[in-house]
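Q: Take a look and give me a structure for this.
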Amino acid sequence: MSYPPRSPNTQSDDDRRRLYNPYKDLNIPSQTLYKLPTAPEYLFQEESIAQRRSWGENLTYYTGIGYLGGSILGSAKGLQQGVKAFEPADSVKIKVNRLLNSSGKFGGKYGNHAGIIGLLYAGMESGMVAVRDTDDIINSVVAGLGTGALYKAAAGPRSAAVAGAIGGVAVGVAVAGKQVLKRYVPI
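A: Presented below is the predicted three-dimensional model:
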C-alpha cells in the first residue's frame, strides 16, 4: 500500500504531536516527555478517509438510541398512567409502587419496540449502502420505507403500506432537517 506523497506545506508527524508529562501533577522532578498524537489514529489509511460509521457501529447506535428514547417516552407515559391510577386511600408506598410498576411496564414495552425499529432501520440502511455503493438520502428514505413496512407487515398489507409511507416521510424530514441545520446553524 502506498501513501500519497507529502506536500511541502504538510506538517511532519513530529510537528502534529503534543508533549505530555505523566508526572506533572505529582510534583516529581522528571524530564521524561512523551510525544502524543493530536489526531485520531487509524489502523488502516482507508479508515481515516471514511466519514461514515461501519455497519456494526450503525447497528449498535440506532438500536441503542431507539431503546433509550423509547424507554424514556414509555416511562413518561407510565408515570402519567400511574398518577391517574391514584386513589384517595392509597399510602405513599402504594403510590410509589404504582408509579414504578407503570413506568417500568410502559418503559420496557416502548423501549423494546423502538429498539427493534432502530435495528431494522440500521440493517436496511447499511444494506442499501452496500448494494448501491453510495451514501446518500435515497438510502435513508428507502430504509425508512422498508423499516415501517417490515415492522407492520404482520398487521396486513394496508398497515404495512401506511407504516412504510410514514417511515419514509419521517426519515426524509429528519435527513432534510439535518441538512438544513448543518447549513444554516453554526456550531
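Q: Can you spell out the domain ranges of the chain, please?
A: The record, using automatic domain parsing to delimit domains, assigns the chain the ranges 54-133, 136-182.
Q: can you put those in CSV and add mean pLDDT and mean neighbour count?
A: For glycine as for every other residue, the C-beta is placed from the backbone atoms N, C-alpha and C. Formatted as CSV, the domains of the chain follow (pLDDT from 0 to 100; neighbours: other CB atoms under 10 Å):
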stretch, mean pLDDT, mean neighbour count
domain 54-133, 94, 16
domain 136-182, 94, 16
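Q: Now tabulate those domains in JSON lines and tack on distance to L19.
A: Listed next are the domains of the chain as JSON lines, based on distance: least, CB to CB, whole Å:
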{"stretch": "domain 54-133", "distance to L19": "32"}
{"stretch": "domain 136-182", "distance to L19": "35"}
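Q: Which helix runs longest in this structure?
A: helix 92-132 (DSSP state H).
Q: Check which element follows that helix along the chain.
A: Using DSSP states H and E, the next helix or strand after helix 92-132 towards the C-terminus is helix 137-151.
Q: And that next one, what does it pack against?
A: Under the contact criterion of 3 or more CB pairs under 8 Å, 6 or more residues apart in numbering; DSSP states H and E, helix 137-151 touches helix 92-132, helix 157-184.
Q: what sits against the residue most central in space within the chain?
A: Nearest residue to the geometric centre of the chain (CA atoms, centre = their mean): Y61, 3.7 Å. By CB atoms under 8 Å, 6 or more residues apart in numbering, the contact set of Y61 is 53, 122.
Q: Return the distance of the host helix or strand of it from the chain's centre.
A: Assigned by DSSP H and E, Y61 belongs to helix 55-84. Relative to the chain's own centre, helix 55-84 is displaced by 12 Å; criterion: CA atoms, centre = their mean, to the nearest Å.
Q: Also stretch 33-46?
A: Offset of stretch 33-46 from its chain centre (CA atoms, centre = their mean): 25 Å.
Q: do stretch 53-70 as well
A: Averaged C-alpha coordinates place stretch 53-70 at 5 Å from its chain's average position (CA atoms, centre = their mean).
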